[in-house]
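> Generate coordinates for the sequence data below:
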Amino acid sequence: MDFEPARPLTKRLRPGHWVALDVVVALVATPIAGVRVVNAYHHYDPHGRGYPEPSAGELGVALAAVVLLGLAFAARRVWPLPAAGTILAAWLVVVAVDGRLTIALVVGGPFVVLATMAVVYVAAIRYRPRSGLVVLGSALVGSAAWWFGSAELRRNGWLPVLFSVCAWAVGYAAGRHRAYAAEVREHHAHVVRSEFAEERLRIAREVHDVVAHSLGVVNVQAGYGGFVLDTRPEEARAALAAIRATSRDTIHEMRGLLGVLRAGAPADRLPAPGLADLGSLVEQTTRAGVRVDLIVVGDPRELPAGIELSAYRIVQEALTNVVRHAHTRAARLEVTYREDELAIEVVDRGRGGPIAPGGHGLAGVRERVGLYGGEFSAGPLPERGFRVAAVLPLAGRAR
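Have a look, this model is predicted:
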């Protein structure tokens with residue numbers, strides 16, 4: 001039994017889960033930062049470097065900045081740009097008020113740097129490069145403020161610059177990778193949709209060609225059999241035999257077609273009649289009451305399967321139209337094998353007339369010919385009758 005490997009946890013989490021995770025981290029980190037600021041307030045000069053004692057107001061500014069940093073971290077995935085502005089404003093106020101105190105180093109060291117990295121990373125992933133660079137610029141402005149604080153802040157001023165640039169670079173790379181992966185998925189989906197539509201069209205064309213020809217023959221024979229049933233029973237019996245033979249052949253072909261589809265095979269593996277089957281097609285048409293003179297010019301030879309199938313379907317559609325619409329008892333089919341092309345011509349001397357609008361048969365023939373870059377024409381003859389002609393290049397491949 002096959003088991004599908006589990007997706008990584010990071011792929012299973014939804015955007016809301018990540019936001020909730022940021023909120024939890026902010027709720028945990030903010031009190032820790034507040035406790036450290038309070039400790040720095042009470043132990044403002046642990047190494048005896050002459051740091052002044054902070055006032056209660058300066059402590060309040062530092063604690064307010066810690067709360068704002070926590071809020072900015074919690075909102076970084078929802079509002080990255082406002083979060084970046086909040087971090088910058090809070091840090092500038094801390095440097096302006098507490099820049100000479102130890103509590104400024106406690107606020108800026110771990111918490112401002114980490115919050116800035118988190119916001120810059122998200123902005124680089126979610127926004128276009130220009131917007132991501134704006135957030136990075138605000139982070140670098142905040143980094144420059146370190147040089148206006150105490151000597152300890154100035155000595156560590158390179159940290160926020162390095163970490164901010166690294167966070168932006170990693171976020172930019174991750175964002176481009178996600179965009180590329182999304183484009184690949186969209187392209188793949190488009191290819192699948194196109195192939196599915198093409199497959200449906202190909203199957204629909206095959207079903208139409210099989211069913212339209214067979215039903216056309218059956219309809220004509222049934223009408224004729226009913227007309228002569230009482231007066232000429234032998235001819236009615238012959239019409240019923242033609243209906244039986246045509247329906248039997250159609251059932252056989254449709255059974256093969258549906259069998260391939262049930263097996264999940266692609267449409268290019270459907271049962272494919274070819275030029276060698278034109279004889280049986282001519283016999284079916286003759287049984288339907290239209291005698292077809294088959295003329296083969298040139299040296300018959302095996303052609304590519306797609307060309308043979310298209311040629312067969314072109315002839316099938318043309319003869320079907322003769323049986324159904326021409327009101328004639330004779331037609332001529334000429335197949336010409338040339339060195340680099342195959343020419344097909346079906347001519348009848350029926351009543352002719354313009355092509356009926358809304359039909360799919362000749363439109364499907366035109367599509368088949370167009371797939372191979374060939375030429376197709378269909379229309380009434382000057383005096384009487386109708387002509388269908390197609391030329392299929394043998395050198396070109398189906399588009």
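> V24 and G70, how far apart?
If you measure V24 against G70 using Cβ to Cβ, to the nearest Å, the figure is 11 Å. Any C-beta I mention is one placed from the backbone N, CA and C, and that applies to glycine too.
> Do you have the helices of this protein handy? List them.
Taking DSSP state H as the criterion, the chain contains helices spanning 9-12, 15-42, 56-74, 80-98, 102-106, 113-126, 129-144, 151-155, 158-228, 233-262, 278-287, 305-321, 361-371.
> any chance of those helices in CSV, with mean neighbour count and mean pLDDT too?
Below are these laid out as CSV (neighbours: other Cβ atoms under 10 Å; pLDDT from 0 to 100):
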stretch, mean neighbour count, mean pLDDT
helix 9-12, 8, 60
helix 15-42, 15, 78
helix 56-74, 20, 79
helix 80-98, 21, 74
helix 102-106, 24, 65
helix 113-126, 24, 80
helix 129-144, 18, 77
helix 151-155, 14, 68
helix 158-228, 15, 76
helix 233-262, 15, 72
helix 278-287, 18, 86
helix 305-321, 23, 86
helix 361-371, 18, 82
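> closest one to A378 among these?
The closest of these to A378 is helix 361-371. By Cβ to Cβ, the value is 5.4 Å.
> Who are the packing partners of that closest one?
Using 3 or more Cβ pairs under 8 Å, 6 or more residues apart in numbering; DSSP states H and E as the contact criterion, the secondary-structure elements in contact with helix 361-371 are helix 158-228, helix 305-321, strand 375-380, strand 386-393.
> any idea of the angle it forms with helix 158-228?
For the pair helix 361-371 and helix 158-228, the angle between their directions (axes from the mean of the first three to the mean of the last three Cα atoms, to 10 degrees) equals 130 degrees.
> Put the alpha carbons of helix 361-371 into CSV.
What follows is helix 361-371 as a C-alpha-only set of coordinates in CSV (Å, rounded to 0.1, in the frame of the first residue of the first chain):
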residue,chain,number,x,y,z
GLY,A,361,-19.1,19.1,-40.0
LEU,A,362,-17.3,21.2,-42.6
ALA,A,363,-16.0,23.4,-39.8
GLY,A,364,-14.4,20.4,-38.2
VAL,A,365,-12.9,19.4,-41.6
ARG,A,366,-11.4,22.9,-42.0
GLU,A,367,-9.9,22.6,-38.5
ARG,A,368,-8.4,19.2,-39.4
VAL,A,369,-6.8,20.6,-42.5
GLY,A,370,-5.6,23.7,-40.7
LEU,A,371,-3.8,21.6,-38.1
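> chain center to it, what's the gap?
For helix 361-371, the gap between its own C-alpha mean and the chain's C-alpha mean amounts to 26 Å (Cα atoms, centre = their mean, to the nearest Å).
> how about the helices of the chain, which one is nearest A395?
Across those (criterion: Cβ to Cβ), the nearest stretch is helix 305-321, sitting at 10.5 Å.
> could you dump that closest one to PDB, C-alpha only?
These are the backbone C-alpha positions of helix 305-321, laid out as PDB (Å, rounded to 0.1, in the frame of the first residue of the first chain):
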ATOM      1  CA  ALA A 305      -1.200   8.200 -38.900                       C
ATOM      2  CA  GLY A 306      -2.500  11.700 -38.300                       C
ATOM      3  CA  ILE A 307      -2.600  12.400 -42.000                       C
ATOM      4  CA  GLU A 308      -4.400   9.100 -42.700                       C
ATOM      5  CA  LEU A 309      -7.000   9.700 -40.000                       C
ATOM      6  CA  SER A 310      -7.600  13.300 -41.200                       C
ATOM      7  CA  ALA A 311      -8.000  12.200 -44.800                       C
ATOM      8  CA  TYR A 312     -10.400   9.500 -43.800                       C
ATOM      9  CA  ARG A 313     -12.500  11.900 -41.800                       C
ATOM     10  CA  ILE A 314     -12.600  14.500 -44.600                       C
ATOM     11  CA  VAL A 315     -13.900  11.900 -47.000                       C
ATOM     12  CA  GLN A 316     -16.300  10.600 -44.500                       C
ATOM     13  CA  GLU A 317     -17.800  14.000 -43.800                       C
ATOM     14  CA  ALA A 318     -18.000  14.900 -47.500                       C
ATOM     15  CA  LEU A 319     -19.800  11.600 -48.400                       C
ATOM     16  CA  THR A 320     -22.100  12.000 -45.400                       C
ATOM     17  CA  ASN A 321     -23.200  15.400 -46.800                       C
END
